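> Prediction below, plus the sequence it came from.
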Amino acid sequence: MTALLITAVSLLIFVVIFQISKASEYVAILKGEEHSRKQNNKINGFLMVVFLVLGLVGVWYCNEVLYDKTLLPYESASVEGERVDSMLWLTLAVTGFVFILTQIVLFWFAYKYQESETRKVYFFAHSNKLEAIWTVIPAIALTVLVVIGLRNWFLFTGEPPKEAMVVEITGKQFGWIYRYPGKDGAFGKKYYKNIDNANNSLGLIWDDKLGHDDLVMEQTMYIVKGRPVKLIIGSRDVIHDVGLPHFRMKMDAVPGIPTTMWFTPKYTTKEMKEITGNPDFQYEISCDQMCGNGHYSMKGIIEVLDQAEFDAKMAGQSPYYYTSNPDKDPANAKADTVKTAAKPVELASKVTAKL
Amino acid sequence: MSNEAVLHAPAGAGLHDAHGDHHHEHHHETFISKYVFSMDHKMIAKQFLITGMVWAVLGGLMSVLFRLQLGYPESTFPFLEDILGKWAEGGKITPEAYYALVTTHGTVLVFFVLTAGLSGTFANFLIPLQIGARDMASPFMNMLSYWFFFAASIVMLSSMFVEFGPFSGGWTAYPPLSALAAASPGSGTGMDLWLIAMALFVVSSLLGGLNYIATVLNMRTKGMSMTRMPLTIWALFFTAVLGVLSFPVLFSGFILLIFDRNFGTSFYLSDIFINGVGALPNEGGSAILYQHLFWFLGHPEVYIILLPAMGMVSEILSVNSRKPIFGYIAMVGSLFAIAILAFLVWAHHMFVTGLNPFLGSVFVLLTLLIAVPSAIKVFNWLTTLWRGNIRFTPGMLFSIGFVSLFISGGLTGIWLGNSALDIHLHDTYFVIAHFHIVMGVASMFGMFAGIYHWFPKMYGRYMNNTLAYLHFWITLGGAYMIFWPMHYQGLAGMPRRYYDYSVWESFKQFAELNRFISTVAMIVFAAQLLFLFNFFYSVFKGRKVTTQNPYNANTLEWTTPINPGHGNWVGEIPEVHRWAYDYGKDGKEFIPQTTPVGADESSH
């Protein structure tokens, strides 16, 4: 019923607009077309300025309302992300200045130079000087932006510091799997044809001893505040993307071609809850590459902990080799044994990649 | 058939057209040959235009439907079930349908509306008229070009009615998602049809493009040197070159994809395990290879869309400012620079694919280089307005709107082209805002400008101005209200192509804004219906054009009869003596290109 009503009202509005428009055309012909054309010209010229003013007010208002909902009010949660932010502000300053200037000039000229009988058009076909100016100035501004951008780019895509920990992250429809190299600090080999959702989600090759202490987790990835982390990114099926807005980082997960990304988290999740004033705050991993109908629900969580918390967390984990092959677990062999786990400190210091 | 006569039109045209512009006197012209399988470039232009309009309505409607989901994720709309059936059970669009709509919206708007509808229409319509030719170099190929496009349209349309729905993996169709029906139901029959439609489209675009190039190079009238051509023709010429050089690469990418899908090859596939299917045998392929092939067209495609709009805007701004375009040679040079650079920047769409960082840095440099010719164009347009005597015809309004949008959307390209910043903004709403403003809406404005400006030439009638003014102001304001706030969503890291944001702690704060955007989108869509109504009403009932040259413009199309027949000019094709932009020279309001240069005329 409401749909019908809305349709009827819209139709009515259409008819009214159309009738008015047609009538105005008749009136124009009656009053003399030239006369009404000039009148319309004045109206549209005036609207140019109105649009300019309303537009600039709108830009300001939009910023007022939405600024706090972006990531900009808080610092980047990664050390490297600070560079992204400073680049962003510089680019905003440059493009913002050009935006305001050119839009004002555009709409102001349109208004100012609207048709008038008294004005004689200035025949101005070209000026090498002017054209040189607006070739050279943008070129210089862009060079500055390129230089800054490339310095950051090579930092982001370069090798992480030596002390970085390494975590492997694998995308699948529609979730993430994380793997830590375990005590030995090295990942075991894997082959996709070994994948079995029941007990080998990554397709680890059990013959490879390096993989026997690898830890595999889903849902949440744990990393350490202040310690660079290098992610080795892969995909089990289609292309996904590890999107980390709070850390200002992002990298595709491509099946068959591992990619990497690294950053240094600055704040623990707990600290970020305070900084943002949001008790529900989480570092979310969003899939940023269309990966199927569940794309929008492909969420992972990163929890940034301080070293002690991290060590405790890791100590409680049992290697994937044992959970997948319970018969091999020494804990099961000796009935009375308490779960053995690596000493926390030892583990953390060894989680350094050899890759 | 008059095929022979048409093919040899340039030589024997004087004879052929001595009958005058009353083409109904041609006893051999039937309804079929005049309106359906027409070889008249003007009729083919109209066919492209109207097919493009149909697609624009469908594509626009799709965006309204998926915006309903984004704006009102908790509501149900029973009418949706009526039109979409199982795709909107209970009045709520399913994720499958949402992604199908997003994908088809993108494909249709980029290729069918803004490529075929824009350059198909205006290259066909303006090239012969503005260079002084009776028709295209090959009218027959031109006709084929339209009918391949039509066939592509039918196949694309039919893909919407297959059991598992149309393709739904995004308009860029990245494999493995687009290669494996097990990964996404839309990648089954829907994708087969999508590929067939796109292949037909490539054929259409190549037939058209070769024709445009041949015509511009060979069929200019006496005196029409390349440097006397209006900027529209330059822009359409570069557009055609871009298309001819880049569409085959896209096609090759599609062929490999077809092989991977149907014949067990592994060009793009490697190390894949699909839930419910298991590990696939394919090894050694590269999913990234497809992206290189795709974007080698994909980026020039942006300029294929944009250049015709730039050309038409340059012409319309000059005519209605009653002033020459500022820096003609610089305008041509910047078009040329853009056309060259268009081929050298494709990997900026791939900064986060794991691309070699050094390679990435080269693409950063080349990408930001495009800002230089773009800046030249903008400043030249602004200077064209300066000290002019501006008439706000609807075409002029849309041209000014184009410049405004091109500035707004172009500047954010500087953000995204810089890889270190792109890492953060890639695939967020910032990107949506950027390309919709600079490529989508701006080119649409160029198209509207062209339609309003050349409507009198196309149909011998005027469109209603009041409706046109309303259309312009609603669309300009609405476009900014829709896309400007999206920059902020992007600055919050909000990813594209999400069906629902409510479970995301980082992105759910925009529910209210999404509602606002969706509402404005509906209003703007309704305003386009206003335009369509105006268009079709005016074709039949509009005020008749009574003067040959209603804008007092210099270019050749205004020397043809009000309703030109096939062959365009009655008698001899006029000779050209000057460039197209002598407005306000030596105290004369305008000097048509056909006027010989006077002895005492000043040079510029």
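Looks like it came in fine. Everything numeric here is computed off the predicted structure, so don't read it as measured data.
> tell me which element B:Leu250 falls in.
Using DSSP states H and E, B:Leu250 maps to helix B:231-262.
> Check which helices and strands that helix sits against.
Where contact means 3 or more CB pairs under 8 Å, 6 or more residues apart in numbering or on different chains; DSSP states H and E, helix B:231-262 is packed against helix B:121-131, helix B:189-218, helix B:287-321, helix B:328-342. For glycine as for every other residue, the C-beta is placed from the backbone atoms N, C-alpha and C.
> As CSV, could you dump the C-alpha coordinates of the next helix or strand after the first one?
Scanning forward in sequence from helix B:121-131 by DSSP H and E, the next helix or strand is helix B:139-158. Listed in CSV are the C-alpha atoms of helix B:139-158, where the atom choice follows Å, rounded to 0.1, in the frame of the first residue of the first chain:
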residue,chain,number,x,y,z
PRO,B,139,29.6,2.5,-42.9
PHE,B,140,29.1,-1.3,-43.0
MET,B,141,31.6,-1.9,-40.3
ASN,B,142,30.1,0.8,-38.3
MET,B,143,26.7,-0.9,-38.5
LEU,B,144,28.4,-4.2,-37.5
SER,B,145,29.9,-2.4,-34.5
TYR,B,146,26.5,-1.4,-33.2
TRP,B,147,25.0,-4.9,-33.8
PHE,B,148,27.9,-6.6,-32.0
PHE,B,149,27.2,-4.2,-29.1
PHE,B,150,23.5,-5.1,-29.3
ALA,B,151,24.4,-8.8,-29.3
ALA,B,152,26.6,-8.2,-26.3
SER,B,153,23.8,-6.4,-24.6
ILE,B,154,21.4,-9.3,-25.1
VAL,B,155,23.8,-11.9,-23.8
MET,B,156,24.6,-9.7,-20.8
LEU,B,157,21.0,-9.2,-20.1
SER,B,158,20.2,-12.9,-20.5
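> Distance of the residue of chain B found nearest chain A relative to A:Tyr192?
Here chain B gets closest to chain A at one residue, B:Gly493, 2.5 Å apart by CB to the nearest CB. When distance is defined by CB to CB, to the nearest Å, B:Gly493 is 30 Å away from A:Tyr192.
> quick one on the thing from earlier: residues of the helix holding B:Leu250 that come out buried?
Within helix B:231-262, the residues that count as buried by 16 or more other CB atoms under 10 Å in any protein chain shown are B:231-247, B:249-251, B:253-254, B:256-258, B:260-261.
> do stretch B:84-101 as well
B:84, B:87-88, B:92-101.
> Among those, which ones lie close to chain A?
With CB under 8 Å from any CB of the partner chain as the criterion, those include B:Pro95, B:Glu96, B:Tyr99 near chain A.
> Quick check: closest non-adjacent residue to the residue of chain B closest to chain A.
A:Pro245 (2.5 Å; CB to CB, 6 or more residues apart in numbering or on different chains).
> rewinding a little: A:Ser21: which of the ones next to chain A among the buried residues of stretch B:84-101 is nearest?
Among those, B:Tyr99 lies closest to A:Ser21 (CB to CB), at 39.3 Å.
> State whether that closest one is indeed within a helix.
Yes - under DSSP: H, G, I helix; E, B strand; the rest coil, B:Tyr99 sits within a helix.
> does it really touch B:Ser187, like I thought?
No - counting by CB atoms under 8 Å, B:Tyr99 sits too far from B:Ser187 to count as a contact (10.8 Å).
> what is in contact with these two at once?
By CB atoms under 8 Å, 6 or more residues apart in numbering or on different chains, B:Tyr99 and B:Ser187 have these common neighbours: B:Ser168, B:Gly169.
> re earlier: if I pick the residue nearest to B:Gly493, what's in contact with it?
A:Leu71, A:Glu284, A:Ser286, B:His424, B:Thr428, B:Ala492, B:Gly493, B:Ser506.
> quick one, phi psi at the closest residue to B:Pro78 other than its chain neighbours?
Excluding its sequence neighbours, the residue lying closest to B:Pro78 (CB to CB, 6+ apart) is B:Gly91, at 4.4 Å. In terms of degrees, to the nearest 10, the main-chain angles of B:Gly91 are phi 80, psi 10.
> Could you tell me the per-residue confidence at B:Gly91?
Per-residue pLDDT puts B:Gly91 at 88.
> what residues are up against it?
Listed by CB under 8 Å, 6+ apart, the contact partners of B:Gly91 are B:Thr76, B:Phe77, B:Pro78, B:Phe79, B:Leu80, B:Glu81.
> Tell me the spacing between it and A:Gly294.
B:Gly91 is 22 Å from A:Gly294, by CB to CB.
> Make TSV out of the contacts of A:Pro245 and add distance to A:Val166 and pLDDT.
Converted to TSV, these look like this (distance: CB to CB, whole Å; pLDDT from 0 to 100):
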residue	distance to A:Val166	pLDDT
A:Leu71	26	95
A:Glu284	21	96
A:Ser286	22	96
B:His424	23	96
B:Thr428	27	96
B:Ala492	29	95
B:Gly493	24	95
B:Ser506	25	94
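> ok, so of these, who is nearest B:Thr115?
Checking the contacts of A:Pro245 one by one against B:Thr115 (CB to CB), the nearest turns out to be B:Thr428, at 25.8 Å.
> where does the chain dip in pLDDT?
Using chain A here. Confidence mapping of chain A against pLDDT under 70 gives the ranges A:1, A:333-355.
> Not quite, go with chain B.
Checking chain B against pLDDT under 70 turns up B:1-28, B:604.
> Would you map the strands across it?
B:273-274, B:278-279, B:583-585, B:588-590 (DSSP state E).
> for these, which one ends up most surrounded?
Mean neighbour count (mean count of other CB atoms under 10 Å in any protein chain shown) peaks for strand B:583-585 among these, with a mean of 23.
> Contacts for it next, please.
Residues beyond strand B:583-585 that count as contacts (CB under 8 Å, 6+ apart) turn out to be A:120-123, B:318-319, B:321-324, B:389, B:554, B:589-591, B:601-602, B:604.
> measure the residue in the stretch 101-250 of chain A that chain B sits nearest to to A:Leu11 for me?
Closest residue of the stretch 101-250 of chain A to chain B, CB to the nearest CB: A:Pro245 (2.5 Å). Counting by CB to CB, the separation of A:Pro245 from A:Leu11 is 44 Å.
> Please look at the residue of chain B closest to chain A and A:Ser286 and confirm they touch.
Yes - contact criterion CB under 8 Å: B:Gly493 and A:Ser286 qualify, at 7.2 Å.
> wait, what's in contact with the residue nearest the centre of chain B?
Nearest to the geometric centre of chain B sits B:Leu114, at 2.1 Å (CA atoms, centre = their mean). Contact partners of B:Leu114, counting by CB under 8 Å, 6+ apart, are B:Ile305, B:Met439, B:Gly440, B:Ser443, B:Met444, B:Met447.
> The same query, at a cut-off of 6 Å, please.
Residues in contact with B:Leu114, defined by CB atoms under 6 Å, 6 or more residues apart in numbering or on different chains, are B:Ile305, B:Ser443.
> May I ask you to confirm that B:Tyr212 is in contact with B:Ala123?
Yes - using CB atoms under 6 Å, B:Tyr212 makes contact with B:Ala123 at a distance of 4.8 Å.
> Neighbour count for those two, which is higher?
B:Ala123 (33 against 28; other CB atoms under 10 Å in any protein chain shown).
> sorry, back to before: among the contacts of B:Gly91, which one lies nearest to A:Val50?
B:Phe77 (35.4 Å).
> Disregarding flanking residues, what is the spatial nearest neighbour of the closest one?
B:Gly91 (4.7 Å).
> hmm, back to that, distance check, the residue nearest to B:Pro78 against B:Met62.
Counting by CB to CB, the gap from B:Gly91 to B:Met62 is 17 Å.
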